[in-house]
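Asks: Here's a sequence, model it:
(2 chains)
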Amino acid sequence: MENLEFLFSSGVSLFFFLISLTIIIFLSIFSLKKMDRIRILGKEIRRLENSLREMDEQAKLIVKTDLELSKVQEELDKRVSGLLALQRLSQSLSSTLEEESLFLAIREDLISDLGFSSCLIIVKKGDSLAVPVSIGVNDEFKEMIASQGGAGFFRFLISKEVISHKELPPEFEYLFQKSSFKSFLASSIQSKDSPLGFLILGNIFQEEISGGALEIVEIFSSQLAQSLENIHLFEEVFRSHRELEEKVKERTKSLQEALEKIEKISRLKSEFVSAVSHEFRTPLTSIKGYASLLVQERFGKIPPAVRLRLERINQQADTLVNMINELLDIARIESGRSKIEIQKIDLSETMKKIADYFYPQLKEKNLQLILTLSSLFVEADKSLLERVFINLLSNAIKFTPQGKKIEIKCEKKDNYAEVSVRDEGIGIPQEDLENIFKEFYRIDNPLQKEVKGTGLGLSLVRNIIKAHQGEIWVESKVGEGSKFIFTLPLAQESKI
Amino acid sequence: MSKIEVGVSFSENPNVEEAVREASIKLRAKFSSAKIDLCLVFFSFSREEVKKLFPNIKLVLSPSLTVGCSLPLLIAEKRVFSKGLILIAFSNTRVVGGLSPFKDNILEDTEKFIWRLIRRVKGERRFFLCLANISGFSPDFLRGLERGLGRNFPLLGLFSHKEYNLPSFLLYNEDVLRGEGIAGLLFLDDLGAFFEINSGFTPLGKEASVDSFSKDIIYRIDNSPAVYFYKNYFGEKVESSGEYFQRVSRRYPLGFKTERFPSYIISSPVKLNPDGSFKLFKEVPSSKVRLTIPIRDKLINSVEETVKKGKFKSPKVAIFFEGFNRFRFLKFFYPSQLEALKNLLGDIPLVGGVGFYHLGLLSSFDLNLGHFIGENSFSILILGDK
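Replies: This is a model prediction of the structure:
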């Protein structure tokens, strides 16, 4: 029994031992698994921590790079701002041709956008220096730089491009002591021909000059030089233009005065001629009168030789009277005192009438007169127009040899009547054509000299035609004949 | 339900008289003989010049209410300009407004101002637009608004702070021009408003934990003095040079993760204290913080993403305010942002300005996000029919 109990209790103990062992084994396996998981999780966490650390390191790198980039960006922004400001400045500078406006266009905000706090522009004015632009600069410095010392600095700058405060020679340091600049750039303003001045762009806040600033100052000084040169050129051109205008005005005035003198002389001449002609007429009338009476033997019989001479006196007196009358007519027409009575006149009828009048002379010289006439109406003074025809036909008959032809034509040309008188006479040399209508002009030709005349007939014809708004000219060839052509405006209804 | 009418005009003329004439006449032509209930004016003229501005607006437009403020830069459509004015006129709109100075206590003065406006109101209040220039603790200002309007009341505002050397800020209402105070407009009835404040800064690096802070001061981050956070990224110089610290902290502000708002709340330290702590502009938003970095494309995208969210039946005007810091970062690429914004808005007129700080509810989508102050941010407000 005791053995059974012992066995039983041993069995139970073993059983419980086995159970416990199993449980322990299970727990160990479970723990091991959990430990694995924990280990895995631990690894994961460590991995995440490393990732975060890496991410953080990357973030630091990104931030560092971004900071560097932002510095570069800031520099770039400054440059872009500066260039934009330069563009605006350039537009302002090139939009004016006055020196004062040019310098007024350089404003504080533009200088600030260029990246500077101060600007001083000094220009040469004869032997001294003037300061047309002073922005953010104290008066003491301004006075110093515009003095003799500034002139020396100017000469120094001419040989350089752009210098910074670091390149300032010691002998000029005193000039900038009063300036309160922490940094500056200075450049001469040079045109193609000569130095015009210099400019200083300073900064009272920053000690360092950016690389872009140098370029900006170079461009600025170059633009300024260009604009100043343009202004000077414009002023020169404007001055020359003004001088030329003055000269032209003076010359025009002199010409005007000369013309007035000529007109006065011409007027006086006409008045003189008129006055003298009137004076001549009276005694001539007496001469003619008495000659006529003597020829008519009112005072007794006269011998034939005396009669002949008296008749000659009469003829010459007639010639003189005609000359005086023509002179008077010319003088009257020229001076505008001639009373022109305008009426509508049939040209062809007038011509036919005058042709009839000259029938005896034509028959005497066996001359053929051909009339080619159109019925055209002009507005003219009847007696003056008749005089034209008389003078032209009379000349044609005088200068045409026996048995030849004279042709008178009248036709419509646009709004004008064109009348031509053509003869087959001795003709007129080319060199005399332009003078033929002048008063007293006679052609230097023995054949011309044989024919008598006053030398006023064509002058009178020209004056009459001109007074009727017409034109007259001549075409001629020596030995073949001449053609006198004149035009007159047609009367209203005859126009197109 | 009558529809509100909104008209916008602007002028870039640097001569104040000519500018106001141009803008007012354009606006009057749009409204014809309709009564103008409110004329909101953003301008960039000096105090002296402004004296000629408002009488002329009244003469041409005769608005029932005129409120305005100065901004250093104005935005109109795709343009940014430094001299000129913008007029936004509302018709068929019920609105009350006013201007009040700050005397002793910003919180109480603000609360009283709001109460005075509310007392004049009959009808449901919809939205509050606020313009202010304050000195003192800015969260007190926000608290004053909350107490006056009620928690989570839709509001958006622009404000300047006297302590931080910003350009001078002028406020105008009914012939009164102030350099300091609050001007506010309480819109009533059926006005629809979409608004959001965001920044677009990108978080970078591992998240750190703010161990110790009080109000607007952070003392310790990750068991070290707060300045070590920046030292970790930028080196010893941040601790030794206040100027360098400011430069760096402005460009790389802190981003605070909150459970409520999907984006990081951005805040720049404004001052480094000798003990290594730094002062923020506003109260510390949360204990989880990362460094943030401005990436140009992301700054622009954040504006696009924000505007895309706004779905409206009949939007009438978009008013956009940009923070100085963001404007400085984008600089020559700022026109790209306006271009992107305008492309999304289409015909809706876009106006606003580059100003100072923004305040209000973060977003119109979740009013429980609470009120917020942002300095490296932009804010957009789109108004129209409900």
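
Asks: CA atoms for contacts and neighbours, from now on please.
Replies: OK.

Asks: any idea how far A:Glu171 lies from B:Lys35?
Replies: 75 Å (C-alpha to C-alpha, to the nearest Å).

Asks: So if I had to pick from the two, which one is more boxed in?
Replies: Between A:Glu171 and B:Lys35, B:Lys35 has the larger neighbour count (other C-alpha atoms under 10 Å in any protein chain shown), namely 16 against 10.

Asks: tell me the contacts of the more buried one?
Replies: Contacts here follow C-alpha atoms under 8 Å, 6 or more residues apart in numbering or on different chains; on that basis B:Lys35 touches B:62-63, B:91-92.

Asks: so it, which of the three states?
Replies: Using DSSP: H, G, I helix; E, B strand; the rest coil, the secondary structure recorded for B:Lys35 is coil.

Asks: Out of the contacts of B:Lys35, who's the most crowded?
Replies: Of the contacts of B:Lys35, with other C-alpha under 10 Å as the count, B:Ser91 tops at 20 neighbours.

Asks: wait, that residue sits on B:Val6?
Replies: Yes - A contact is recorded between B:Ser91 and B:Val6 when judged using C-alpha atoms under 8 Å, the distance being 6.3 Å.

Asks: Now do A:Val217, the pLDDT please.
Replies: In the prediction, the pLDDT value recorded for A:Val217 is 91.

Asks: typo on my end, it should be A:Ser28
Replies: Residue-level confidence at A:Ser28 comes out at 87, pLDDT.

Asks: What strand or helix carries A:Leu385?
Replies: With the criterion set as DSSP states H and E, the secondary-structure element containing A:Leu385 is helix A:382-399.

Asks: before we move on, what about B:Tyr172?
Replies: For B:Tyr172, the element it lies in under DSSP H and E is strand B:171-173.

Asks: Neighbours of the residue in the stretch 251-400 of chain A positioned nearest to chain B, how many?
Replies: For the stretch 251-400 of chain A, the residue closest to chain B is A:Thr252, as judged by C-alpha to the nearest C-alpha, at 49.3 Å. A:Thr252 has 12 neighbours, counted by other C-alpha under 10 Å.

Asks: three-state assignment of it?
Replies: In three-state terms, and counting by three-state DSSP, A:Thr252 is helix.

Asks: now A:Arg442
Replies: Reducing the assignment at A:Arg442 to three states with three-state DSSP gives coil.

Asks: Once you drop chain neighbours, what's closest to it?
Replies: When the adjacent residues along the chain are set aside, A:Arg442 lies closest to A:Gly455, with 6.1 Å between them (C-alpha to C-alpha, 6 or more residues apart in numbering or on different chains).

Asks: pLDDT-wise, which helix or strand of chain A ranks last?
Replies: Ranked by mean pLDDT, DSSP states H and E, the weakest helix or strand in chain A is helix A:446-450, scoring a mean of 60.

Asks: ok, the closest residue to A:Thr96 other than its chain neighbours - contacts?
Replies: Distances taken as C-alpha to C-alpha, 6+ apart place A:Leu102 nearest to A:Thr96, at 6.2 Å, with adjacent residues excluded. Contact partners of A:Leu102, counting by C-alpha under 8 Å, 6+ apart, are A:92-93, A:96.

Asks: Tell me which of those fall in helices.
Replies: In this view, the contacts of A:Leu102 that belong to helices under DSSP state H are A:92-93.

Asks: Closest to chain B out of the contacts of A:Leu102?
Replies: Distances from chain B to those, taken by C-alpha to the nearest C-alpha, are shortest for A:Ser92, at 17.6 Å.

Asks: Distance check, A:Arg242 against A:Glu236.
Replies: A:Arg242 sits at a distance of 10 Å from A:Glu236 (criterion: C-alpha to C-alpha).

Asks: Give me the next element, helix or strand, following the host helix or strand of A:Leu244.
Replies: Counting by DSSP H and E, the secondary-structure element that holds A:Leu244 is helix A:211-295. Going down the chain from helix A:211-295, the next helix or strand is helix A:304-335, by DSSP H and E.

Asks: Give the buried residues for the helix holding A:Leu385.
Replies: For helix A:382-399, the buried set under the neighbour-count rule, 16 or more other C-alpha atoms under 10 Å in any protein chain shown, comprises A:382, A:384-399.

Asks: Could you tell me what pLDDT the model assigned to the closest residue to A:Ser210 other than its chain neighbours?
Replies: What sits nearest to A:Ser210 in space, not counting adjacent residues and going by C-alpha to C-alpha, 6+ apart, is A:Glu75, at 7.8 Å. Note for A:Glu75: predicted pLDDT of 78.

Asks: Tell me, how many residues neighbour A:Glu75?
Replies: 15.

Asks: what ranges do the strands span in the stretch 51-200 of chain A?
Replies: With DSSP state E, counting those that start in this stretch applied, the stretch 51-200 of chain A shows strands at A:118-125, A:128-135, A:162-164, A:183-190, A:195-203, listed in chain order.

Asks: Return the list of helices and strands in contact with the shortest one.
Replies: For strand A:162-164, the elements it packs on are strand A:183-190, helix A:211-295, judged by 3 or more C-alpha pairs under 8 Å, 6 or more residues apart in numbering or on different chains; DSSP states H and E.

Asks: so what strands line up beside the first one?
Replies: Okay, so that is strand A:183-190. Partners of strand A:183-190 in the sheet, by DSSP bridges, are strand A:162-164 (antiparallel), strand A:195-203 (antiparallel).

Asks: As JSON lines, those strands with mean pLDDT, distance to B:Asp140 and mean neighbour count would be great.
Replies: As requested, the strands paired with strand A:183-190 are arranged in JSON lines below (pLDDT from 0 to 100; distance: least, C-alpha to C-alpha, whole Å; neighbours: other C-alpha atoms under 10 Å in any protein chain shown):
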{"stretch": "strand A:162-164", "mean pLDDT": "89", "distance to B:Asp140": "52", "mean neighbour count": "18"}
{"stretch": "strand A:195-203", "mean pLDDT": "91", "distance to B:Asp140": "42", "mean neighbour count": "23"}
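
Asks: Reformat those as TSV; add distance to B:Lys215.
Replies: Written out in TSV, the entries for those read as follows (distance: least, C-alpha to C-alpha, whole Å):
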stretch	distance to B:Lys215
strand A:162-164	51
strand A:195-203	42
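
Asks: For A:Leu175, which of those strands is the nearest?
Replies: The minimum distance between A:Leu175 and the strands paired with strand A:183-190 falls on strand A:195-203, with 12.2 Å, by C-alpha to C-alpha.

Asks: How about residues contacting that closest one?
Replies: By C-alpha under 8 Å, 6+ apart, the list of residues contacting strand A:195-203 reads A:116-124, A:154, A:157-158, A:181-190, A:217, A:221, A:225.

Asks: So among those, which ones count as buried?
Replies: Among the contacts of strand A:195-203, the ones that count as buried by 16+ other C-alpha under 10 Å are A:116-124, A:154, A:157-158, A:181, A:183-190, A:217, A:221, A:225.

Asks: interface residues of the stretch 101-250 of chain B facing chain A?
Replies: For the stretch 101-250 of chain B, the residues in contact with chain A (C-alpha under 8 Å from any C-alpha of the partner chain) are B:204-206, B:232-234.

Asks: In the stretch 201-350 of chain B, what residue lies closest to chain A?
Replies: Each residue of the stretch 201-350 of chain B has a distance to chain A, by C-alpha to the nearest C-alpha, and the smallest belongs to B:Gly205, at 4.5 Å.

Asks: With A:Lys249 as the reference, measure out to the most centrally placed residue in chain A.
Replies: The structure's chain A has its C-alpha centroid closest to A:His241; by C-alpha atoms, centre = their mean the separation is 11.4 Å. To A:Lys249, A:His241 is 12 Å away according to C-alpha to C-alpha.

Asks: Chain B contacts on chain A?
Replies: Counting by C-alpha under 8 Å from any C-alpha, the residues of chain A that sit close to chain B are A:52-53, A:55-60, A:63-64.
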